[in-house]
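Chemist: Using only what follows, build the 3D model:
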Amino acid sequence: MREIIKLALRNLKEHRSKTVIIACFLIFGVAIVILGNSFLESVNRGLEKDFRANYTGDIAIGKNPDKGTINDIFGVNSTNVTTEVPLLPAIPDIDKVMEIVNETDGIKSNTKLISAQILVAYGVEMDLSALSDRDDLGFDDLPISMLFAGENSTYWNTFPSVNFIEGTYPAPDTNEIMIDTRVKNAYESLYSRELHVGDIVLCAGATSDTVIREAKVVGIFNPPNENSAMFQIVYCNPAFARSFANLTYASSFSQELPDAIDLSLNTMDEDDLFASFDDDLFAMEDDSSAFLATDSFDFDSILGDTTLRDELNKTDDGAWNYILMKVNNPLQTNAIIAELNQKFKEAGLDVYAMDWKAAAYSYSQSVAGISLIFNILIIILAIVVFIIIMNTMIVSVIERTSEIGTMRAIGAEKKFVRRLFMSETLILTSLSSALGIVLAAIIMAIFNSLNITITNSIAKMILGGGLLRFSPTPAIIITTIVIAIGGSLISNLSPVKSALKITPLKALNHGGD
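Modeler: Residues are numbered from 1 along each chain as shown. Below is the predicted model of the structure:
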């Protein structure tokens, strides 16, 4: 074997130009693969750490989504064509769900969440003229935010990382809010006025029948991670959030209409209805006391009994969009999710448990899309590199016909020739991969030292955060080396096959030519 290695090194040295060409392709190919995968590793690792610690927890439980929709804690991703903005559904049978959660081992803490989207506005009434008057406004310049409301007794214990600039948490059962500094900056830019703790603002929900509520700003905070991909947030109390999330009794459960419904209005024709109304009205104009007398004409009676409607439109104090949990051992997350889903299925509950990626689908899916595109490009690059290597080695075999024939003539077996070519490929690929790793390490060290960040929220969402870094791992490096060596050996099969077909007679004829 030692003789084969010596001969392989000598051959690589003698065919220096082809060796350098193949080595360059391998060096840059290995470096690009390591750089790309290290960047994606940084994106995925940073996104997972941020969201599991501050927003989704390790496990989330929500209602099974309707057909054509994917739900996460940020809203409904729907492929259904509709004129209405879909809202997250409430968890059905939440008491039964909580019983199962509490009896499941491995869960360290749990809390509940209500999620909606709002626009923070200025004034005593909703005035959106500033939006149409400003052509320079981008999406990042609008005070649009996620509205999160956690269970008062458990949420801040589960997600304690709030960096207050000033103020405090909202008091229970109040219309108080605490806002992200990005919301504050967007508000001040849009309305050209400062926003301070103690100010009153308007909150408008992102629904077809817009809900508008006054709120008092009691806290201003920075995100736990200043480079987070997470969109800007406003925190509030559950009672305040339920109006925006449409978590009413009517949305929590269905109730049949009464059997007896007064349809007397439908039995009257249009002339009778309005003639009777006009006669009474003009009669009352002649007698001011009759006009003010409530007994003479009851306007509310025309709508019938609205008691049921009023009750169903009240917010459901027990309604929540999600249950969020943190586990004792993150490595057991998938096992706990499987156990919970099995229990939910056996209990006939219309809910499911999911990991942080599913709970943050809007963010993790964008990163997954970038990963898919990059992997496709890597595959194309690898195919091109290996084809070039194979063609270069085939040309090398043709040029070495006399050498191979001479070795066969003096007794070298096919096995010896095969080992020789494979040794050359293995040595060349190993050295080139090592140089590729060194090149990638130098580039990553320089890039990471620059601490390059982006501030655009859309770009941060796509890239999983604002801080651009490379995070290589041993698995990435080892996998890249294995793929490089394996691909080179595979691309060497055809040249070796050609080399083994060379006979001493053919070599002598080639030499005579």
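Chemist: so is Ile387 in a helix, a strand, or just coil?
Modeler: helix (DSSP: H, G, I helix; E, B strand; the rest coil).
Chemist: ah, wrong one, I meant Ile165
Modeler: Ile165 - assigned by three-state DSSP - is strand.
Chemist: Find me the pLDDT at it, would you?
Modeler: We note a pLDDT of 93 for Ile165 in this prediction.
Chemist: list the contacts for the nearest residue to it once chain neighbours are set aside?
Modeler: Of all residues not flanking Ile165 in the chain, Ile220 sits nearest, at 4.6 Å (C-beta to C-beta, 6 or more residues apart in numbering). C-beta coordinates here come from the backbone N, C-alpha and C atoms, glycine included. By C-beta atoms under 8 Å, 6 or more residues apart in numbering, Ile220 lies in contact with Phe164, Ile165, Glu166, Gly167, Met178, Ile179, Thr181, Lys184, Val197.
Chemist: Now rank the residues you listed by neighbours and give me the top one.
Modeler: Comparing these by number of neighbours (other C-beta atoms under 10 Å), Ile179 comes first, having 28 neighbours.
Chemist: tell me which of the contacts of Ile220 is nearest to Gly405?
Modeler: Thr181 (76.8 Å; C-beta to C-beta).
Chemist: What about that closest one? Give its phi and psi, please.
Modeler: phi -60, psi -30 (degrees, to the nearest 10).
Chemist: neighbours of Lys415, just the number please.
Modeler: Close neighbours of Lys415, defined as other C-beta under 10 Å, add up to 9.
Chemist: which residues in the stretch 251-400 of the chain form helices?
Modeler: Here the stretch 251-400 of the chain has its helices, by DSSP state H, counting those that start in this stretch, at 264-267, 270-286, 288-292, 307-312, 333-347, 356-359, 361-399.
Chemist: Report the buried residues of the last one.
Modeler: Of the residues in helix 361-399, those scored as buried under the neighbour-count criterion (16 or more other C-beta atoms under 10 Å) are 361-364, 366-367, 371, 378, 381-382, 385-386, 389-390, 392-394, 396-397.
Chemist: next one: stretch 471-488
Modeler: Of the residues in stretch 471-488, those buried (16+ other C-beta under 10 Å) are Ser471, Pro472, Ile476, Ile477, Thr480, Ile481, Ile483, Ala484, Ile485, Gly487, Ser488.
Chemist: what comes into contact with that stretch?
Modeler: Contacts of stretch 471-488 (C-beta under 8 Å, 6+ apart): 26, 29-30, 33-34, 37-39, 41-42, 45, 382, 385-386, 389, 425-426, 428-430, 432-433, 436-437, 440-441, 444.
Chemist: which of the residues in stretch 235-242 are buried?
Modeler: Under 16+ other C-beta under 10 Å, the buried positions of stretch 235-242 are Tyr235, Cys236, Asn237, Pro238, Ala239, Phe240, Ala241, Arg242.
Chemist: List the contacts of that stretch.
Modeler: Contact with stretch 235-242 is made by 114-116, 147-152, 169-179, 213, 215, 219, 247-248, 315-317, 319-320, as judged by C-beta under 8 Å, 6+ apart.
Chemist: Can I get it as CSV, trimmed to CA atoms?
Modeler: Backbone C-alpha positions of stretch 235-242 (Å, rounded to 0.1, in the frame of the first residue of the first chain) are rendered in CSV as follows:
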residue,chain,number,x,y,z
TYR,A,235,-48.8,43.2,25.4
CYS,A,236,-52.2,43.6,27.2
ASN,A,237,-54.6,41.9,29.5
PRO,A,238,-56.7,38.9,28.3
ALA,A,239,-60.0,40.7,28.6
PHE,A,240,-58.8,43.5,26.4
ALA,A,241,-57.4,41.2,23.8
ARG,A,242,-60.5,39.0,23.5
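Chemist: tilt between the longest strand along the chain and helix 333-347?
Modeler: Criterion DSSP state E: the longest strand present in the chain is strand 107-121. On the basis of axes from the mean of the first three to the mean of the last three C-alpha atoms, to 10 degrees, strand 107-121 is oriented at 90 degrees to helix 333-347.
Chemist: residues of stretch 440-454 that come out buried?
Modeler: So stretch 440-454, judged by 16+ other C-beta under 10 Å, has buried residues Ala440, Ala441, Ile443, Met444, Phe447, Asn448.
Chemist: Closest to Ile454 out of these?
Modeler: Comparing those against Ile454 with C-beta to C-beta places Phe447 closest, at 13.8 Å.
Chemist: list the contacts for that closest one?
Modeler: Leu468, Arg469, Phe470.
Chemist: Looking at these, which are in strands?
Modeler: Within the contacts of Phe447, no residue falls in strands by DSSP E.
Chemist: Just send these back as JSON lines, with distance to Gly68 too.
Modeler: Listed next are these as JSON lines, based on distance: C-beta to C-beta, whole Å:
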{"residue": "Leu468", "distance to Gly68": "35"}
{"residue": "Arg469", "distance to Gly68": "37"}
{"residue": "Phe470", "distance to Gly68": "38"}
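Chemist: Looking at those, which is nearest Pro495?
Modeler: Using C-beta to C-beta, Phe470 comes nearest to Pro495 of these, at 35.1 Å.
Chemist: Next, find the distance separating the closest one from Leu40.
Modeler: According to C-beta to C-beta, to the nearest Å, Phe470 stands 10 Å off from Leu40.
Chemist: got it, and Ser433?
Modeler: In terms of C-beta to C-beta, Ser433 sits 20 Å off from Leu40.
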